[in-house]
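Participant: Build me a model:
(one chain, ligands or ions: 2)
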Amino acid sequence: MKETKVYIAGHRGMVGAAVLEIFKSNGYSNIVTKSSSELDLRNQQAVRDFMSEEQPDVIVLAAARVGGILVNDQNPYPFLYDNLLIQSNVINAAHENNVDQLIFLGSSCIYPKHAKQPIKEDYLLTGSLEPTNQWYAVAKITGIKLCEALNRQYGRNYVSLMPTNLYGPRDNFDLKSSHVVPAMIRKFHEAAENGHTPVKLWGTGKPKREFLHVQDMAEAILFAVENEIKGDIYNVGTGKDISIKELAYLIQKIIGHRGEIIWDTSKPDGTPRKLLDVSKLHSLGWKHSKELQDGLMETYRWFLQNINQLKEIKL
Ligand SMILES: NC(=O)C1=CN([C@@H]2O[C@H](COP(=O)(O)OP(=O)(O)OC[C@H]3O[C@@H](n4cnc5c(N)ncnc54)[C@H](OP(=O)(O)O)[C@@H]3O)[C@@H](O)[C@H]2O)C=CC1
Ligand SMILES: C[C@H]1O[C@H](OP(=O)(O)OP(=O)(O)OC[C@H]2O[C@@H](n3cnc4c(=O)[nH]c(N)nc43)[C@H](O)[C@@H]2O)[C@@H](O)[C@@H](O)C1=O
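Facilitator: Ligands and ions are numbered 1, 2, ... in the order given. All right, here's what the predicted structure looks like:
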């Protein structure tokens, strides 16, 4: 058993739950968790009190306001403000309580909309952001800079991991706020059940995205903690991308939907491409292990088993 005390913020979410599972299965027995109703991380005093009481050795910050392209675009204020509060409160309380190690999760949308591909970590702040998620991206960039400032001024080891688009068990399948993978799984499944009716997808289908299974993400986090990796930012992805149209055909085939696909071009495309250069983390020894088709088939199986309890986020 490992005695390191780990606080996983956001353990009921897709990433946090996978992190909790992998830490437990790797022998960590001293894990602290709190749901948002037990501890609202936007409340600075509550976070301070909690941190000074618990004194964790390691924090995985996987709590955030998260969502797909449309919910980001339509809710600029909570995506900016809530994320600023959550991350500032946790990172500052970690520093005040001399927490040794913290893993902050950013997102590949922090990089410039028209960044050179594949995107290296040092392309951050070299161009303007994609408008649909600029609010969330600005908050995440601030989180990265808070960690970087603490590392530089106080010698902390607070590392920011930049995940590409994630998917997997416990994803958000609410069609208004979800990301593209759970949205497509639900839409094709329901259309197939209803006699192969047409499926309406968003945008042109031309943008490309890179997808990483959440279990690989959790493994990257465990890898970062156990190897005490140093440095400010590491991209986390597969290094491979696919167009949204190709993704639609793949999911349609997995589900067995035989109807038409309609592209609703009144909905945004977002960034044309955001393929991450993952060589920095690869050079330390981490690599993903689940390929997209297998990961999608597994996620669809999870969806079928949990169809009655799908969570929805409230805004
Ligand atoms: N999903 C993706 O494609 C990507 C995600 N990321 C990042 O990974 C991290 C995890 O994302 P993911 O697991 O998908 O998100 P989820 O929406 O699945 O989970 C987010 C978690 O954050 C918690 N949370 C939200 N607000 C608060 C609050 N005010 N106080 C306390 N807890 C709160 C929720 O807790 P509760 O359930 O208790 O309410 C929830 O469990 C985030 O930082 C996200 O930005 C980065 C790139 C891509
Ligand atoms: C992880 C990342 O997630 C968000 O960015 P995004 O990559 O654009 O996210 P998305 O998964 O919602 O869409 C990907 C693509 O897919 C297309 N698309 C087709 N049909 C559906 C559909 O039915 N639903 C959704 N959501 N998208 C669809 C959609 O039009 C877009 O072209 C950021 O806000 C930001 O928060 C962030 O960090």
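Participant: buried residues in the helix or strand where Gln134 lies?
Facilitator: Assigned by DSSP states H and E, Gln134 falls within helix 134-154. Neighbour counts over helix 134-154 (16 or more other CB atoms under 10 Å) mark 134-144, 146-148, 150-151 as buried. Placement of C-beta: from N, CA and C, glycine included.
Participant: hmm, that helix touching ligand 1?
Facilitator: No. Contact of helix 134-154 with ligand 1 (CB under 6 Å from any ligand atom) is absent, the minimum separation being 6.7 Å.
Participant: Tell me where the longest strand sits in the chain.
Facilitator: If you go by DSSP state E, the chain has its longest strand at strand 157-163.
Participant: Who are the packing partners of that one?
Facilitator: Counting contacts by 3 or more CB pairs under 8 Å, 6 or more residues apart in numbering; DSSP states H and E, strand 157-163 packs against strand 101-105, helix 134-154, helix 214-226, strand 233-236.
Participant: Tell me how far the next helix or strand along the chain from that strand lies from the chain's centre.
Facilitator: Using DSSP H and E, the helix or strand that follows strand 157-163 in sequence is strand 165-167. With CA atoms, centre = their mean, to the nearest Å as the basis, strand 165-167 stands 6 Å off its chain's centre.
Participant: What pairs with strand 165-167, parallel or antiparallel?
Facilitator: Strand 165-167 pairs in its sheet with strand 211-213 (parallel), by DSSP bridges.
Participant: tell me the mean pLDDT over the strand it pairs with?
Facilitator: The average pLDDT within strand 211-213 is 98.
Participant: And for that strand, what's in contact with it?
Facilitator: Here strand 211-213 makes contact (CB atoms under 8 Å, 6 or more residues apart in numbering) with 163-168, 181, 236-238, 242, 247, 288, 290, 292, 295, 298-299.
Participant: ok, 10 Å please
Facilitator: Defining contact as CB atoms under 10 Å, 6 or more residues apart in numbering, one finds that strand 211-213 is touched by 18, 108, 163-169, 179-181, 219-220, 236-242, 247, 276, 278, 288-292, 294-296, 298-299.
Participant: before we move on, the earlier item: format the helices and strands packed on strand 157-163 as CSV; extra columns: distance to ligand 2.
Facilitator: Shown next, in CSV, are these (distance: least, CB to the nearest ligand atom, whole Å):
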stretch, distance to ligand 2
strand 101-105, 10
helix 134-154, 5
helix 214-226, 12
strand 233-236, 12
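Participant: Which residue comes closest to Thr197 once chain neighbours are left out?
Facilitator: Excluding the flanking residues, the one nearest Thr197 by CB to CB, 6 or more residues apart in numbering is Ala191, at 4.7 Å.
Participant: Pull the contacting residues for that neighbour.
Facilitator: 197-200, 252, 255, 257-261.
Participant: Also Ile229?
Facilitator: Going by CB under 10 Å, 6+ apart, Ile229 touches 101, 103, 157, 159, 161, 220, 223, 280-281, 284-286.
Participant: In TSV: these, plus neighbour count and distance to Leu70.
Facilitator: Listed next are the contacts of Ile229 as TSV, based on neighbours: other CB atoms under 10 Å; distance: CB to CB, whole Å:
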residue	neighbour count	distance to Leu70
Gln101	20	35
Ile103	25	28
Asn157	17	37
Val159	23	31
Leu161	23	25
Ala220	24	28
Phe223	18	33
Lys280	18	32
Leu281	24	30
Leu284	13	36
Gly285	9	37
Trp286	21	32
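Participant: Closest to Arg12 out of these?
Facilitator: Ile103 (17.6 Å; CB to CB).
Participant: does that closest one really touch Ala224, like I thought?
Facilitator: Yes. Under the criterion of CB atoms under 10 Å, Ile103 makes contact with Ala224 at 5.7 Å.
Participant: Find residues that contact each of those two.
Facilitator: Jointly contacting Ile103 and Ala224 under the rule CB under 10 Å, 6+ apart are 58, 60, 159, 161, 234.
Participant: Could you work out the end-to-end span of stretch 218-235 for me?
Facilitator: End-to-end span of stretch 218-235 (CA to CA, to the nearest Å): 14 Å.
Participant: Can you give me the buried ones in it?
Facilitator: 218-225, 229, 232-235.
Participant: quick one on the thing from earlier: give me the subset of the contacts of Ala191 touching ligand 2.
Facilitator: With CB under 6 Å from any ligand atom as the criterion, those include none near ligand 2.
Participant: Throw those into TSV and include secondary structure, neighbour count and distance to Met51, thanks.
Facilitator: Shown next, in TSV, are these (DSSP: H, G, I helix; E, B strand; the rest coil; neighbours: other CB atoms under 10 Å; distance: CB to CB, whole Å):
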residue	secondary structure	neighbour count	distance to Met51
Thr197	coil	14	51
Pro198	coil	11	51
Val199	strand	23	46
Lys200	strand	13	46
Gln252	helix	19	47
Ile255	helix	24	44
His257	coil	23	48
Arg258	coil	10	54
Gly259	coil	15	52
Glu260	coil	11	53
Ile261	strand	18	48
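Participant: Alright, calling it a day.
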